[in-house]
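S.K.: okay, predicted coordinates and the sequence, questions at the end:
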Amino acid sequence: MALLAPGSAVPSALVALTVFRASAWACLLCFTSYNERLQICQIFAGLESPDLGKCEEAFTDAFKGLLDTEINYDERSHLHDAFTRMTHSLQEVAAAQGSFRVAFPHAAEKIQKIILQLKEVQACIPPCGLQEVARRFRCRGCYSTVCDLPLDCPVQDLTVTRGHQAMFFCTVNFQLPKEEITYSWKFAGGGLRTQDLSYFREIPRARGYLARIRPVQPTHRGTFSCVITHDQRPLARLYFFLNVTGPPPRGETELQVAFREVLRWAPREGEMIEPWTPSLGELLARPEALTPGNQCLLAVAVALASASATVLAWIFFRWYCSGD
């Protein structure tokens, strides 16, 4: 077996091929090093053999079919391992005096079969969002890319009668990471329908993917924005234009406003959105609420309340009688 020469002893022809035809190596260039490829050809052809250039050309031709290959970004390590095993196998074939004209096409065919078995690249789902789940690795250039979609989603219009309730769902139609997802809300008032971030201000009370306003007032007319963030990196910005129409329902709005004023929990400016905290009646209205377990809990609660009322009545009666 011929000895391996250092990189400085590579013939000028081989260097020229490496510089001017590098793009043709595609996945081979991404997942193997220059020294690994050089050593394989040196073992096959010899240190300074004129066949080194032919070996390089044969290597290139065998892997041209992988030039435009795209794989799921999460599958990079699997493909890298496949190329590592391939280089070791080619070195063994070369040491056994095999032919590179046979070995290279056979190795490329095996790599193509492995690529077909990798997890497929997920399609981008329009119209917006940074969709990490659809990130792909491109062998032409050895780089990764995500969907070419804007962060800003189209404005969704919502019309609500004054005094009623408005709900906003900050959800997207693509898969989000399972951890470290946060939601933040902003508001652009004055009836603006906009996506210009300079008009928005933070709503500190609003957290989570679901928020609501109740009762809706004309001052709430404007654009609400929700930003979905993963590990402090924005994934999507959703916009909701709230249009308030009609008079308030008779007596309902006045009662709600009066009740808020008495308890001093009317929302201040910039805090009009509430987190979703359903009432007992709203929970019981859900079809899955009255499960056997929940029914038992309700029965226990009613029994305790009845017993407490009986004890209080008895204590009051004894006190009243003792006063006489």
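M.R.: That came in fine, so what should we check first?
S.K.: now stretch 118-135, how far from the chain's geometric center?
M.R.: In terms of Cα atoms, centre = their mean, to the nearest Å, the centre of stretch 118-135 is set 9 Å apart from its chain centre.
S.K.: buried residues in that stretch?
M.R.: 122, 124-125, 128-135 (16 or more other Cβ atoms under 10 Å). (Glycine included, C-beta is placed from N, CA and C.)
S.K.: averaged pLDDT, the helix or strand encompassing residue 44. What do you get?
M.R.: Here residue 44 sits within helix 34-45, counting by DSSP states H and E. Averaged over helix 34-45, pLDDT sits at 91.
S.K.: just after that helix, pick out the following helix or strand.
M.R.: helix 51-62.
S.K.: mind listing the helices for this protein?
M.R.: Remark: helices assigned in the chain by DSSP state H are 12-20, 27-31, 34-45, 51-62, 76-95, 100-117, 252-263, 280-285, 292-323.
S.K.: pipe those helices into CSV and attach mean neighbour count and distance to residue 170 per row.
M.R.: Supplementary listing: the helices of the chain in CSV, determined by neighbours: other Cβ atoms under 10 Å; distance: least, Cβ to Cβ, whole Å:
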stretch, mean neighbour count, distance to residue 170
helix 12-20, 13, 51
helix 27-31, 23, 38
helix 34-45, 20, 49
helix 51-62, 19, 50
helix 76-95, 16, 32
helix 100-117, 16, 37
helix 252-263, 12, 25
helix 280-285, 10, 20
helix 292-323, 10, 29
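S.K.: export those to a markdown table and tack on distance to residue 169?
M.R.: Putting the helices of the chain into a markdown table (distance: least, Cβ to Cβ, whole Å) gives the following:
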| stretch | distance to residue 169 |
| --- | --- |
| helix 12-20 | 55 |
| helix 27-31 | 41 |
| helix 34-45 | 52 |
| helix 51-62 | 53 |
| helix 76-95 | 35 |
| helix 100-117 | 38 |
| helix 252-263 | 23 |
| helix 280-285 | 16 |
| helix 292-323 | 26 |
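S.K.: pick out the shakiest of those, pLDDT-wise.
M.R.: helix 12-20 (a mean of 34).
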